[in-house]
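**Student:** Here is my input, please return the structure:
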Amino acid sequence: MDLDEPSGEPPVRQPAPQQPEGCLVVAIRLPVRIVALVLVLPVRMAWDALVVAGRLLNDILLRPLGRALLWLGRVLVVLPLAGLWRYAVVPLGKALALLVRVLVLAPLVWCHRHLLTPVGHALAWLYAHVLTPAAVGLGAALAWLARYLVAVPARRLYAWVLAPAGRAIAWCVRGVWRLLVLLVTGIGRVLHLVARVLRVLVVLVTLPASALWRWVLAPAGRVLAAVGREVRDALRHAWRIAGRLSLAAGRILGTLLRWIFVEPARRLYRRVLTPVGHLVRDVVLRPAAEAARAAGRTGRQALAAARASVRQARADVRRLLFGGPRQPQPVARREPSGRGTRTLDSSTTALTKD
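**Tutor:** Just a heads-up that it's a prediction; the model follows:
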């Protein structure tokens, strides 16, 4: 087997070499971690309690309230705005676009096609055949005028005025430059002298400062840095341990609550209250309901019989006091009723009598 062939397993990561620690760090670490654990444990347990309360509040109140607000926002804002956009803004925009196209764009296109284009062609012909020759002649005249009115006077002005003035200005500038060189040289020498004095002062101040930094401040800074690192590591370690202790305390408290309250209540409900409820329902409530329904039916029947009796008694009293109701009088009809009805075979009329 080839030893150089890479295998499928990932390489094992070697732990990084740890730096050797001094006795001061080891002496500081244990008491700092103990004090940090004592201080951090109540804070971590209070934090975990607040986190659990926040989750319960989120699940029970905030999330349903957010869903309700989202539904209200959709019903009260989104749907009306969508309906307004669909049934008001879009038709209005289409109508405005149609009006703009009919009242603005179409007249502009007609004006461009039938007015501006012919006018532009006329102006182009005028520029090509009239303005261009006039511009050429005018350009030649202006060139002649510029040559004899500008160029020649400018050349003479440069030769007779500007060149002598420039030479005088250059001589003045050279004098000023020499003066500035003298000033800069003097200032440089003064600054060099000041620099030498400052160098002496820096040497006199730097040596004590360097000694103070090397023998006092640097060792104190290293000690404070070690203490700060240990305090930071101790707080981190204490926070992690406090989290585990808080988790364990929460689990123990939850288990105790479940054993003390939830399990007895569940067993009481399942083994006592449910059979008692079924027994009460079968033995008491259902017979009582049947008896109540039977009593109700009997009461309704008795009440109906009493109402019929009262109605009959009232009718008898009315009959005794005012008499019976009048019988309808028979109305004489022109046609016989019963067996004597007129037919074609009977001889009840004068025309059909024998």
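**Student:** Tell me the helix or strand right after the helix or strand hosting Ser210.
**Tutor:** In the assignment (DSSP states H and E), Ser210 maps to helix 163-212. Next in sequence after helix 163-212, counting helices and strands by DSSP H and E, comes helix 218-257.
**Student:** starting at the chain centroid, how far to the next helix or strand after that next one?
**Tutor:** Downstream of helix 218-257, the first helix or strand assigned by DSSP H and E is helix 263-268. Chain-centre distance of helix 263-268: 45 Å, with C-alpha atoms, centre = their mean, to the nearest Å.
**Student:** again with stretch 45-65
**Tutor:** Relative to its chain's centre, stretch 45-65 lies at 21 Å (C-alpha atoms, centre = their mean).
**Student:** Tell me the buried residues in it?
**Tutor:** Residues of stretch 45-65 classed as buried by neighbour count (16 or more other C-beta atoms under 10 Å): Met45, Asp48. No exception for glycine: its C-beta is placed from N, CA and C like everyone else's.
**Student:** Let me see the mean pLDDT of that stretch.
**Tutor:** What stretch 45-65 shows for mean pLDDT is 88.
**Student:** ditto for stretch 223-230
**Tutor:** Computed over stretch 223-230, the average pLDDT equals 83.
**Student:** how far out from the middle of the chain is the helix holding Ser210?
**Tutor:** Chain-centre distance of helix 163-212: 64 Å, with C-alpha atoms, centre = their mean.
**Student:** and the angle from it to helix 218-257?
**Tutor:** Relative orientation of helix 163-212 versus helix 218-257 (axes from the mean of the first three to the mean of the last three C-alpha atoms, to 10 degrees): 70 degrees.
**Student:** In terms of helices and strands, where is the most centrally placed residue in the chain?
**Tutor:** Geometric centre of the chain, nearest residue: Leu70, 11.1 Å, by C-alpha atoms, centre = their mean. Taking DSSP H and E as the criterion, Leu70 maps to helix 63-73.
**Student:** Who are the packing partners of that helix?
**Tutor:** Under the contact criterion of 3 or more C-beta pairs under 8 Å, 6 or more residues apart in numbering; DSSP states H and E, helix 63-73 touches no helix or strand at all.
**Student:** Export the next helix-or-strand element following that helix to CSV, keeping only CA atoms.
**Tutor:** Using DSSP H and E, the helix or strand that follows helix 63-73 in sequence is helix 79-84. Extracted C-alpha coordinates of helix 79-84, given in CSV (Å, rounded to 0.1, in the frame of the first residue of the first chain):
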residue,chain,number,x,y,z
LEU,A,79,-57.2,45.9,-0.4
PRO,A,80,-58.7,49.5,-0.6
LEU,A,81,-55.5,50.8,-2.2
ALA,A,82,-55.5,47.9,-4.7
GLY,A,83,-59.2,48.5,-5.5
LEU,A,84,-58.5,52.2,-5.8
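**Student:** Tell me the first helix or strand C-terminal of helix 79-84.
**Tutor:** Scanning forward in sequence from helix 79-84 by DSSP H and E, the next helix or strand is helix 90-100.
**Student:** For stretch 138-157, list the C-alpha coordinates in CSV.
**Tutor:** Output of stretch 138-157 as CSV, limited to C-alpha atoms (Å, rounded to 0.1, in the frame of the first residue of the first chain):
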residue,chain,number,x,y,z
LEU,A,138,-19.3,89.7,-44.4
GLY,A,139,-16.5,87.3,-43.2
ALA,A,140,-14.1,88.7,-45.7
ALA,A,141,-14.9,92.3,-44.7
LEU,A,142,-14.5,91.4,-41.1
ALA,A,143,-11.2,89.7,-41.7
TRP,A,144,-9.9,92.9,-43.5
LEU,A,145,-11.1,95.1,-40.7
ALA,A,146,-9.6,92.7,-38.0
ARG,A,147,-6.3,92.8,-39.8
TYR,A,148,-6.0,96.5,-40.1
LEU,A,149,-7.9,97.5,-37.0
VAL,A,150,-6.7,94.8,-34.5
ALA,A,151,-3.6,92.9,-35.7
VAL,A,152,-1.5,95.8,-36.8
PRO,A,153,-2.2,98.0,-33.8
ALA,A,154,-1.7,95.0,-31.5
ARG,A,155,1.7,94.2,-33.0
ARG,A,156,2.8,97.8,-32.6
LEU,A,157,1.5,98.0,-29.1
